[in-house]
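Undergrad: Next comes the sequence, and after it the predicted model I'd like to discuss.
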Amino acid sequence: MTKLTRTSLALTLAATAGLIAGPALAGSGYDSGAKAEAASMTEAAVQMDVVDTAVAADDFNTLVAAVQAAGLVDTLKSEGPFTVFAPTDAAFAALPEGALDGLLADTEALAGVLTYHVVPGKVMAADIIGKVTTVATVQGAEVTIDATGDVPTINGAAISTTDVETSNGVIHIIDAVILPPQE
């Protein structure tokens, strides 16, 4: 998958169809194998919804299990559109010991954390490049997306891959679980 730098984020402006944020750049550290993988996954991804795309990617097993435990599968399979900031399995593994188990045991809190990763509508990288943007999440609280530096972030979590298009929205892959503000 394409890692995001200021240069590659700019190139995603025109390349928004597929599982990868556009072709890898010459000299960006990504080989032609990554380009071929991206090309082969493009058509299938756009035909799948947010949930099926996450399942197929096989780096979101914890996220998918959490979405199932929170009862959000049908919602995220609905028409949308949704913008999902999807933490990887490694992001969930980096939570403090016992935090994930605690969330899985409290489905209301779990749903709050998961819906904090979802923005209504379809927000593509081109919509935010060069900006700091604050947007409301489905959970109700706001998140801050900063796409002004070398690596864009959402509430401090690095956005490693953008514009994973699905049939009902878009996924941006992040390296940390973001938590809603405490009430």
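TA: Received the coordinates, thanks.

Undergrad: Can you list the low-confidence ranges for this protein?
TA: Across the chain, the ranges flagged by pLDDT under 70 are 1-46, 183.

Undergrad: one more time with 50
TA: Residues of the chain that meet the criterion pLDDT under 50 lie in 1-42.

Undergrad: Let me see the ranges of the strands in it.
TA: For the chain, strands defined by DSSP state E occupy the ranges 82-87, 118-120, 132-136, 142-146, 153-154, 157-166, 169-174.

Undergrad: so the fourth one versus strand 169-174, what angle?
TA: What separates the directions of strand 142-146 and strand 169-174 is an angle of 70 degrees, with axes from the mean of the first three to the mean of the last three Cα atoms, to 10 degrees.

Undergrad: Could you pull out the buried residues of strand 142-146?
TA: By neighbour count on 16 or more other Cβ atoms under 10 Å, the buried set for strand 142-146 is V143, I145, D146. Where you see a C-beta, it was placed from the backbone N, CA and C, and this is true even at glycine.

Undergrad: Okay, now the sheet partners of that strand, with direction.
TA: Looking at strand 142-146 with DSSP bridges, its partner strands are strand 132-136 (antiparallel), strand 153-154 (antiparallel).

Undergrad: nearest to F92, of the ones you listed?
TA: Closest to F92 of the strands paired with strand 142-146, according to Cβ to Cβ: strand 153-154, at 15.8 Å.

Undergrad: returning to what we had before: which one of the buried residues of strand 142-146 is nearest P120?
TA: Of the buried residues of strand 142-146, the one sitting nearest to P120 (Cβ to Cβ) turns out to be V143, at 12.3 Å.

Undergrad: Verify the contact between that closest one and I174 for me.
TA: No. With contacts defined as Cβ atoms under 8 Å, V143 does not count as touching I174, sitting 10.5 Å away.

Undergrad: Show me whatever sits in contact with both of those two.
TA: F85, I154 (Cβ atoms under 8 Å, 6 or more residues apart in numbering).

Undergrad: tally of neighbours for D58?
TA: Neighbourhood size, D58 [other Cβ atoms under 10 Å]: 9.

Undergrad: ah, wrong one, I meant V177
TA: 24.

Undergrad: OK, contacts around it?
TA: By Cβ under 8 Å, 6+ apart, the residues touching V177 are P87, A91, F92, A94, L95, V113, H117, A157.

Undergrad: quick check, nearest of those residues to S167?
TA: The shortest approach to S167 among the contacts of V177 belongs to H117, at 18.9 Å (Cβ to Cβ).

Undergrad: what's that closest one in contact with, if anything?
TA: Taking Cβ under 8 Å, 6+ apart as the test, what H117 contacts is V84, F85, A86, P87, T137, I174, V177, I178.

Undergrad: Before I go, just wanted to say thanks for your time.
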